[in-house]
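Novice: Just to be clear, the model below is a prediction. Sequence and coordinates:
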Amino acid sequence: VDELRRPLSAPWAWWEPLLRRADIVVANVGHHYRALDGRYARYGAMVRAALARFDARMPPHAHLVFRTSNIGHLGCERAAAPLPSRAAAWSALGGWEWSA
């Protein structure tokens with residue numbers, strides 16, 4: 001999330017050349033923004049600042065999708081309803097010590 005304040009000066013901005021010729025860009029902040037601003041009071045300002053920085057480097061025809069989504073679990077596309085508990089969600093991810 002901090003990197004969105006300066007997205008293209010961050011050391012991981014290896015993708016800038018791709019951004020300059022993209023048709024569609026999806027920026028997923030994930031669920032970590034909540035740790036910085038639990039009430040999402042500054043979310044709009046952060047999104048507008050990030051959009052301006054991306055927009056300055058994207059082609060005029062490109063579309064930017066800015067979202068905050070948690071990761072899914074294996075088979076989540078087949079789920080008929082939300083998982084019933086946090087324990088069930090962790091289990092679907094492979095356990096409490098899950099990592100990418």
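Specialist: Happy to help now that I have it. Numbers count the residues shown, from 1 in each chain.
Novice: For this protein, name the helix or strand with the lowest mean pLDDT.
Specialist: helix 33-36 (a mean of 74; mean pLDDT, DSSP states H and E).
Novice: Buried residues in that helix, which are they?
Specialist: Neighbour-count burial for helix 33-36 flags Y33 (criterion: 16 or more other Cβ atoms under 10 Å). For every residue, glycine as well, the C-beta is placed using N, CA and C.
Novice: which is the next helix or strand following it?
Specialist: helix 43-55 (DSSP states H and E).
Novice: Just the buried positions in that next one, please.
Specialist: For helix 43-55, using 16+ other Cβ under 10 Å, the buried residues are 43, 46-47, 50, 53-54.
Novice: now the strands for the chain?
Specialist: For the chain, strands defined by DSSP state E occupy the ranges 24-28, 63-67.
Novice: so which of the ones you listed comes closest to W90?
Specialist: strand 24-28 (20.6 Å; Cβ to Cβ).
Novice: and that closest one, average pLDDT?
Specialist: In this model, strand 24-28 has an average pLDDT of 85.
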